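Colleague: just coords:
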């Protein structure tokens, strides 16, 4: 993934878990608590190494590196800039980097959603969770969708 600090990664993982749990609870409520809820899972770490996903990640990392290099060059090229001007330049560079990160994160989500859509529909899955080794959301049961998703992302 992109190079974020550890606190941000932990915060993002926590938010993903909260969203996934909320989604699962919503699916249970919508389908009725007495009905069986079909849970699928995939190993997000493996999926992030799929060729199509890796290509998007690599392109995003290259664009981020390019933008960081350009921002550093802009700061270096203007040694006479006031502290306020330098701060504005840094804020603009950060805004641009966030935009790049969001654009590529959106592409990753679209690619993964597209790969999952047919599988989820065919298997009548209500909820898909991440079962990555680092922070597993599924401890027992469920249907492993990892290999099917990897095949679609080749």
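Modeller: Arrived safely, thanks for sending. This structure is a prediction, so every number in the text was calculated from the model and none was measured.
Colleague: okay, residue 101: pLDDT?
Modeller: On pLDDT, residue 101 comes in at 94.
Colleague: which helix or which strand is home to it?
Modeller: helix 83-123 (DSSP states H and E).
Colleague: list the neighbouring strands of the next helix-or-strand element following that helix plus their orientation.
Modeller: Heading C-terminal from helix 83-123, the first helix or strand you meet, by DSSP H and E, is strand 127-130. The sheet places strand 127-130 alongside strand 39-42 (parallel), with pairing taken from DSSP bridges.
Colleague: what is the mean pLDDT for the partner strand?
Modeller: Averaging pLDDT along strand 39-42 gives 86.
Colleague: so how far is it off the chain centroid?
Modeller: Centroid separation between strand 39-42 and its chain, computed with Cα atoms, centre = their mean, to the nearest Å, is 17 Å.
Colleague: check which element follows that strand along the chain.
Modeller: helix 44-47.
Colleague: between the helix or strand following that next one and helix 83-123, how many degrees?
Modeller: Counting by DSSP H and E, the element after helix 44-47 in chain order, helix or strand, is helix 51-77. For helix 51-77 against helix 83-123, the angle by axes from the mean of the first three to the mean of the last three Cα atoms, to 10 degrees is 180 degrees.
Colleague: shaky segments in this protein?
Modeller: For the chain, the stretches with pLDDT under 70 are 1-15, 17-35, 135-141.
Colleague: could you look up the SS state of the residue of the chain most remote from its centre?
Modeller: Residue farthest from the centre of the chain, counting by Cα atoms, centre = their mean, is residue 80 at 39.8 Å. The three-state label given to residue 80 by DSSP: H, G, I helix; E, B strand; the rest coil is coil.
Colleague: can you list the helices and strands that the helix holding residue 101 packs against?
Modeller: strand 39-42, helix 51-77, helix 146-152 (3 or more Cβ pairs under 8 Å, 6 or more residues apart in numbering; DSSP states H and E). Glycine gets a C-beta too; all of them are placed from N, C-alpha and C.
Colleague: which of those is buried the deepest?
Modeller: Sort the helices and strands packed on helix 83-123 by mean neighbour count, taking mean count of other Cβ atoms under 10 Å, and strand 39-42 sits at the top with a mean of 22.
Colleague: roughly how far apart are residue 72 and residue 65?
Modeller: 11 Å (Cβ to Cβ, to the nearest Å).
Colleague: ok, now how distant is the residue most central in space within the chain from residue 56?
Modeller: The centroid of the chain falls nearest to residue 105 when counting by Cα atoms, centre = their mean (5.6 Å). For residue 105, the distance to residue 56 equals 9 Å [Cβ to Cβ].
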